[in-house]
Every structure is written in C-alpha cells, then in structure tokens.
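In: My questions concern the predicted model and sequence given below.
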Amino acid sequence: MLPAGLPPEPTAARASLSAEGRKRLFPNATDAEWADWRWQQRHAVRGLEQLERYVPLTSNERAGVQETSALFRIGISPYYLSLIDPEHPFCPVRMQSIPVRAEARIRPGELADPLGEDKTRPEECIVHKYPDRVLFLALDTCSVYCRHCTRRRITQGGVAELSKEQLRRGVDYVRSHPEVRDVLISGGDPFMLSDSRLEELLAPLSEIPHVEMIRIGTRVPVCLPMRVTDALAKTLRRYAPVFVVTHFNHPKEVTPEAREACERLVDHGVPVENQAVLMRQLNSDARIIKELSHLLLRSRVRPYYLHQMDVAEGCEHLRTPIAKGLEIIQQLRGYTTGLAVPHLAVDLPGGGGKVTLQPDYAVEYGAQETVFRNYKGERFTYPEPEETDCTCPYDGVWQERAPRYGYRKG
Ligand code: SF4
C-alpha cells in the first residue's frame, strides 16, 4: 500500500520522454550504444556549434554560451539532452544544462568558494570543516556540467582525476585523524571514475577502523543513469555502509531510466538519498517539490535536503528568497507524508556550515505549557511535564560497558 498522501502511480506516458528525444536527436544510436555510459560521454555536447545542432537556442542562451565559455565548461550527455524541451526555455532540464547571459554576471558579494571550503583544505583532496567528517574531492569531472554548480572552481577542469599519490595522501589524512567517522566522496562526480578506480578509493577508506560510513555525492543517476550498472552497485555494496546522495531537482528528471538506476542501488543494499537545490522559476513551487518527493519515494529514494542556493558566482538569477523555501515547507508539512518533506537547509556563505530552517509552529513558550499552531493554523496546547530532570542515569554504565561488546565509544 502506498503511504498516505501519495497519488496513484503515473501512467506509462512518462516512459516515452527520453525515447522520444533520442529518436529525434540520435536516431542512429543503437540500443547498445545508448546504454553504454562511455558512448554517452564520448557523444556529450561540449560547445555552441554542437549544441545548436540539437536545440534551437534563444538569443539569451546563445549569448550565455558565448559569454560563459571562459568561466565554466558545458557538457551534456545525449541522455540528459534527450529530456530537453526544444520549444521552451524554462524547461527545467534545459535551464540546468544550457547557460544564459545572467550566468556570466558576477555580482558583488558572490563567492567563487561560497562554502569557504578552501580555508579548511589540509590536502588537495580533503576538506575538513566539521569535527567528525571530511569531504574527499576525488576528481573534477561530471556527466553534465550543471549551470547551478557552486563548486565550479573545481569542476571547471584542469585537475581531472587526482593522481595515485594525491589519493594516497588523502587516505593517509583520514587514517591519521581518528575523529573522522564519515567520509563524503565528491568532486566532480565520483561515479565518473571507473569501477576499479572507485574501488581503489573505497577499499583503503573502508579499512580504516574509525571510518564508520562512506557517502558518495553524485548526479549520475539523474544525468547518466546507464552508468549505474550491476557491477557498480556490487562494488559499492562490498564496502557497506555506503550511502549514495544524489541530486534530482525536478520531477521531469525522475524518468524510468533514472528510477531504475536508483532502484538498482537500493536492490543491492545501497541506500539512496536526494539533495535538491531550490532554483527560481525552475522548481520554486510547493507543487513541484511535492511531486518530486513523491516520485523519489516511489523510486525508494529519500528526499533528504532542499537546499537554498549558495551565494556563488553566476547563480544570482537562480536564487530564491529565504521566505520561498519556508513557504514550500509549510505547504508540504502536514499535507503529505513526513518522509516526503525534506529539510530546508542554508549553507552559510563563507564557511559557516549548514543550518536548517522550518516554519515556526510554536506560538507561545511557557513554563507550564507551550502553545502551537498546526499546519492548518489551529492552536493546540502541549502541557509541560511536572518532572524536568532529563539526565540518563544508565548512560555512565553503558559507556563503561559498551566497548566490551564492540560498541565504539560515543
Ligand atoms: S554534478 Fe555536481 S559537481 Fe558536477 S557540475 Fe553538477 S552540481 Fe557541480
């Protein structure tokens, strides 16, 4: 049975989206070629002339491609290109892959490194900002170069894959920092590495006793789902717990191919979570976010974060007011399954870290009771308990005994 609030399964009409585009744009591609991620990469669109062969560009887009050419590269896989609406410049796939002129404008206050990552980068491939986790930057390559990418200082190229020596130094850094229990591998897109190269990274990291989990940030299930092969999923499963954090931003991206890629990971025991970015005129509407969440849940992907756009160079035109994100959450909370409501997060400019926001449902705080409004605006009172001592007397005992039974000290 579907969770409450989920509308019925969409019909087969969605199945034709990429097939239709493929027939129109790549009529000579064989099924085997289309399903081969390396063929997709070899045939990715990487410049204006090529792009104009496939999509009738608006003057804004044509100027955007020209004016951003020195700032950030273009790369669109044939699969992702096949999802573009050739007739509408506000098609969400088009907006995420084809630049417009506004992207070339860098406004005062916008940052090349909006999250202040380079300030906490003890190794070329390591960002160590939070106490118990690190970001491991494995390469600079992606399946599609997103126009909203806020790490373009890295993904604009020039680094490619890190050398074995750089990777070794990164692994050594993690090994020599016992406080690190969580490693997030990102880049670029780690799934653009070959399975064996990915394994060269996963194997030594998972052998480090204090590394309890590995996360991989990837947009491959969205932009290049054929890369998610059984062999890749099996590789990830070998190093469990490995969590895949993907990046769907619009329901249009949740195609049958994308869904199959996510389900393949989950079927192999690899949990998948989604981090969406809120973008003005692309997905800045509660209806769209709700539809996206529902499609993700059906694909067994948990909608995890909805990110406020970072204050990054060239992204002003995509930023939404903070109030819009809050309004969206307010329109979801209570109206649909709790699992379908992502955390609204702001990554503070300059490296302050993530904070989460939600509409304020508490109306009055008192010693005896707290008054709330619910999602419909009705008032309810929560009585405070008489006893307020919240210490946990057993915890000292547990902390002493836990290591004996193989638990790590918390
Ligand atoms: S896949 Fe991620 S890292 Fe790569 S261009 Fe898109 S947003 Fe940037």
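Out: Yep, that arrived. Numbers count the residues shown, from 1 in each chain.

In: Which residue, neighbours along the chain excluded, lies closest to the residue of the stretch 201-350 of the chain found nearest the ligand?
Out: Nearest to the ligand in the stretch 201-350 of the chain, going by CB to the nearest ligand atom, is residue 219, at a distance of 3.7 Å. Any C-beta I mention is one placed from the backbone N, CA and C, and that applies to glycine too. Distances taken as CB to CB, 6 or more residues apart in numbering put residue 247 closest to residue 219, at 4.6 Å, once the chain neighbours are dropped.

In: Over to residue 34?
Out: Nearest non-adjacent residue to residue 34 (CB to CB, 6+ apart): residue 22, at 6.4 Å.

In: With residue 115 instead?
Out: In space, residue 115 is closest to residue 347, 5.4 Å off (CB to CB, 6+ apart).

In: Double-check that neighbour against residue 354; I have them as touching.
Out: Yes - with contact defined as CB atoms under 8 Å, residue 347 counts as touching residue 354 (5.1 Å).

In: Is the ligand within reach of the strand or helix carrying residue 304?
Out: Using DSSP states H and E, residue 304 maps to strand 302-307. No - Strand 302-307 is not in contact with the ligand by CB under 6 Å from any ligand atom; minimum separation 10.8 Å.

In: Report the rounded mean pLDDT for that strand.
Out: Mean per-residue pLDDT for strand 302-307: 98.

In: Sheet partners, orientation included, of that strand?
Out: Sheet pairing of strand 302-307 (DSSP bridges) gives strand 272-277 (parallel), strand 343-348 (parallel).

In: Please list the residues outside the first one that contact it.
Out: Taking contacts as CB atoms under 8 Å, 6 or more residues apart in numbering, the residues outside strand 272-277 that touch it are 148, 217, 221, 243-249, 262, 265-266, 283, 289, 292, 296, 300-307, 309, 342.

In: and with 7 Å instead?
Out: 148, 243-249, 262, 265-266, 283, 292, 296, 300-307, 309, 342 (CB atoms under 7 Å, 6 or more residues apart in numbering).

In: circling back: in the helix or strand just after the strand holding residue 304, what counts as buried?
Out: As assigned by DSSP H and E, the chain's next helix or strand after strand 302-307 is helix 322-332. For helix 322-332, the neighbour count (16 or more other CB atoms under 10 Å) marks 324-332 as buried.

In: hmm, back to that, for the residue of the stretch 201-350 of the chain closest to the ligand, list the residues it contacts.
Out: 142-144, 146, 189, 246-247.

In: can you do 10 Å?
Out: 80, 96, 142-144, 146, 149, 189, 191-192, 245-249, 253, 275 (CB atoms under 10 Å, 6 or more residues apart in numbering).

In: repeat for residue 88
Out: Going by CB under 10 Å, 6+ apart, residue 88 touches 58, 94-95.

In: Tell me the secondary structure at it.
Out: Assigned by DSSP: H, G, I helix; E, B strand; the rest coil, the conformation of residue 88 is coil.

In: Just checking the distance from whichever strand or helix holds residue 214 to the centre of its chain.
Out: Per DSSP H and E: residue 214 is located in strand 213-217. Its chain's average C-alpha position is 12 Å from that of strand 213-217, according to CA atoms, centre = their mean, to the nearest Å.

In: from the chain's centre, how far out does whichever helix or strand comes after that strand sit?
Out: As assigned by DSSP H and E, the chain's next helix or strand after strand 213-217 is helix 220-223. Centroid separation between helix 220-223 and its chain, computed with CA atoms, centre = their mean, is 10 Å.

In: For helix 220-223, could you pull out the residues that count as buried?
Out: 220-223.

In: and the lowest-mean-pLDDT helix or strand in the chain, does that touch the ligand?
Out: None of the helices or strands of the chain scores lower by mean pLDDT, DSSP states H and E than helix 152-155, at a mean of 89. Yes - using CB under 6 Å from any ligand atom, helix 152-155 reaches the ligand at residue 155.
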